[in-house]
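Student: the following comprises the amino acid sequence and a computationally predicted model.
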Protein chains: 4
Amino acid sequence: MQKLNEQEIQDQMKEIDGAWKVKGKFLHRELLFKGFVEAFSFMTAVALVAEKSAHHPNWKNTYNKLIIDLSTHDADGITTKDFHLAKAIDTLFKKHI
Amino acid sequence: MQKLNEQEIQDQMKEIDGAWKVKGKFLHRELLFKGFVEAFSFMTAVALVAEKSAHHPNWKNTYNKLIIDLSTHDADGITTKDFHLAKAIDTLFKKHI
Amino acid sequence: MQKLNEQEIQDQMKEIDGAWKVKGKFLHRELLFKGFVEAFSFMTAVALVAEKSAHHPNWKNTYNKLIIDLSTHDADGITTKDFHLAKAIDTLFKKHI
Amino acid sequence: MQKLNEQEIQDQMKEIDGAWKVKGKFLHRELLFKGFVEAFSFMTAVALVAEKSAHHPNWKNTYNKLIIDLSTHDADGITTKDFHLAKAIDTLFKKHI
C-alpha cells in the first residue's frame, strides 16, 4: 500500500464529505453530536468498521465533539485505506444525526 | 417504586412507540437494523442511558435483530422506570435508522 | 463450511473452556460479571472480534449476566467458526475478570 | 465545585495510580493495551462510568494507545470529580490488563 500523491488525494477528496480536510499526513474531520451518548455510540460504530478492515483512526473525543485523523502508518501518508474509512465514517454519520 | 396497574400501563402505552407491547411482566419491543454495526452501536447508546439511570434492559441480540424486554425486578412488574427507558430507546432509535 | 458431527464436536470441546456446553445446535455459555459496566464492555470486546470475523453470537444480557449461544446459521449447526469464536471469548473473558 | 489548590492536588495524587501526572489544568495518564479490541472495550467501560457520573474525559486513542486528560471545565481546573474518575479508571484498568 503506497501513499497517494497530491493529485490522487485531490481526486479522492471529491468522493468524500466536504468536511474532510487534508492536514499534513492526515485526513482530518471534526464531528459534533448532541451529547456524549450520541458521540460514543457513533465511535462504537466506527470502531467496529475499523477493526473489521484492520485500519484504525487516530481520534480525540471531548464530550460531544469528535476529531478524527486518518493516516496509514506504514505508508507514512494518506492511502486509499484512509479514503475507504472516511467514506464509511461519512455513511455512519449521515445515519447518526 | 411500585408496579403500575393495568389502567396505568394502558395510559402510559400511549406515550411510547406503538411497536412496544405488554408481554406479561415486560414491556417488549423488537428492533431491526441494517446490520450488526448499527445494532451494536445502538445497544451502546442504550447501555449508556441505562447505566446512567441505573435501570437496565433484558435484551437479546442476533446480528441485526434486537429484542428488548423492560421490567422492574424489585417491583416484580412494569413501573414508570420502564416507560422512561422505553421513551429514551424510542428517541435513540429514531435517530439511528 | 459444514456442520461438525458429534465426534468432531466432542474433540473440539476439549479445546475450549469447560463452561461451554452443547445445547442442540448451539455452543452455550453463561458468564457472570461484577456489574453492567463489566458485562457490557466485555460484550464490546466480543462484538469487535465477531464483526472482524463476520461471525456473530446470539446473546442475551441482563445486568451482570451474559448468555451466549454460538451456531452457524448457513450450516444449520455448530462449525469450526463457532469454536474459533468460543476460543476468542474465552481469551477475552480471562482478561476481564 | 471549586478547583483544588496545589496542596490539595498533591494530597489527592497519593490516592491514585502513580502513572497519573498533573499537566497544567489536567490529570494526565497514558495507557497501553494489547490491541485495539482491548483499548476500545476499556474505553466503553470508562464511557459508562463517565456518563453515569456526568463527568467525561478528554481522551485520544490510536490503536492500542489511550491518552486520558481529566479536568473540570466549569471550575477551569482539577476538582475532586477528576480524582473520582481517575480512581474509577484505575480500578477498571487493573481488571483489564
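Tutor: Looks like it arrived, so ask away.

Student: in the strand or helix carrying residue A:85, what counts as buried?
Tutor: For residue A:85, the enclosing helix or strand under DSSP states H and E is helix A:80-96. The neighbour-count check on helix A:80-96 (16 or more other C-beta atoms under 10 Å in any protein chain shown) flags A:81, A:82, A:83, A:84, A:85, A:86, A:88, A:89, A:92, A:93, A:96 as buried. Every residue, glycine included, has its C-beta placed from N, CA and C.

Student: how about the strands in chain A?
Tutor: With strands called from DSSP state E, chain A shows them at A:21-23, A:26-32, A:58-62, A:65-70.

Student: partners of the shortest one, with directions?
Tutor: Next to strand A:21-23 in the sheet, as set by DSSP bridges, lie strand A:26-32 (antiparallel).

Student: tell me the angle of the strand it pairs with relative to helix A:80-96?
Tutor: 10 degrees (axes from the mean of the first three to the mean of the last three C-alpha atoms, to 10 degrees).

Student: so for strand A:26-32, mean pLDDT?
Tutor: Across strand A:26-32, pLDDT averages out at 98.

Student: list the contacts of the helix holding residue A:85.
Tutor: Identification of contacts with helix A:80-96 by C-beta atoms under 8 Å, 6 or more residues apart in numbering or on different chains yields A:1, A:4, A:12, A:15-17, A:20, A:27, A:29, A:31, A:33, A:38, A:41-42, A:45-46, A:49-50, A:53, A:55, A:57, A:68, A:70-72, B:37-38, B:41, B:95-97.

Student: average pLDDT across that helix?
Tutor: The predicted model gives helix A:80-96 an average pLDDT of 94.

Student: strand A:58-62 and that one, what's the angle between them?
Tutor: Going by the same axes, to 10 degrees, helix A:80-96 makes 30 degrees with strand A:58-62.

Student: extract the CA atoms of helix A:80-96 and return them as PDB.
Tutor: Listed next in PDB are the C-alpha coordinates belonging to helix A:80-96 (Å, rounded to 0.1, in the frame of the first residue of the first chain):
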ATOM      1  CA  THR A  80      -6.800   4.500  -0.300                       C
ATOM      2  CA  LYS A  81      -7.400   2.700   3.000                       C
ATOM      3  CA  ASP A  82      -7.900   6.100   4.600                       C
ATOM      4  CA  PHE A  83     -10.400   7.200   2.000                       C
ATOM      5  CA  HIS A  84     -12.300   3.900   2.500                       C
ATOM      6  CA  LEU A  85     -12.500   4.500   6.200                       C
ATOM      7  CA  ALA A  86     -13.500   8.200   5.600                       C
ATOM      8  CA  LYS A  87     -16.400   7.000   3.300                       C
ATOM      9  CA  ALA A  88     -17.600   4.500   5.900                       C
ATOM     10  CA  ILE A  89     -17.500   7.200   8.600                       C
ATOM     11  CA  ASP A  90     -19.500   9.600   6.300                       C
ATOM     12  CA  THR A  91     -22.100   6.900   5.800                       C
ATOM     13  CA  LEU A  92     -22.400   6.100   9.500                       C
ATOM     14  CA  PHE A  93     -22.500   9.800  10.400                       C
ATOM     15  CA  LYS A  94     -25.400  10.500   8.000                       C
ATOM     16  CA  LYS A  95     -27.500   8.000   9.900                       C
ATOM     17  CA  HIS A  96     -26.400   9.200  13.200                       C
END
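
Student: quick one: that helix to chain centroid distance?
Tutor: 6 Å (C-alpha atoms, centre = their mean, to the nearest Å).

Student: for stretch A:49-60, same thing?
Tutor: With C-alpha atoms, centre = their mean, you get 8 Å for stretch A:49-60.

Student: that stretch near chain D anywhere?
Tutor: Yes. Stretch A:49-60 lies within reach of chain D by C-beta under 8 Å from any C-beta of the partner chain, at A:50, A:51, A:56, A:57, A:58, A:59, A:60.

Student: out of those residues, which is nearest to chain C?
Tutor: residue A:51 (4.6 Å; C-beta to the nearest C-beta).

Student: give the closest residue to the residue nearest the centre of chain A in space, chain neighbours not counted.
Tutor: With distances taken as C-alpha atoms, centre = their mean, chain A has residue A:86 as the residue nearest its mean C-alpha position (4.0 Å). Take residue A:86 and drop its neighbours on the chain: the residue closest to it by C-beta to C-beta, 6 or more residues apart in numbering or on different chains is residue A:16, 4.7 Å away.

Student: thank you, goodbye.
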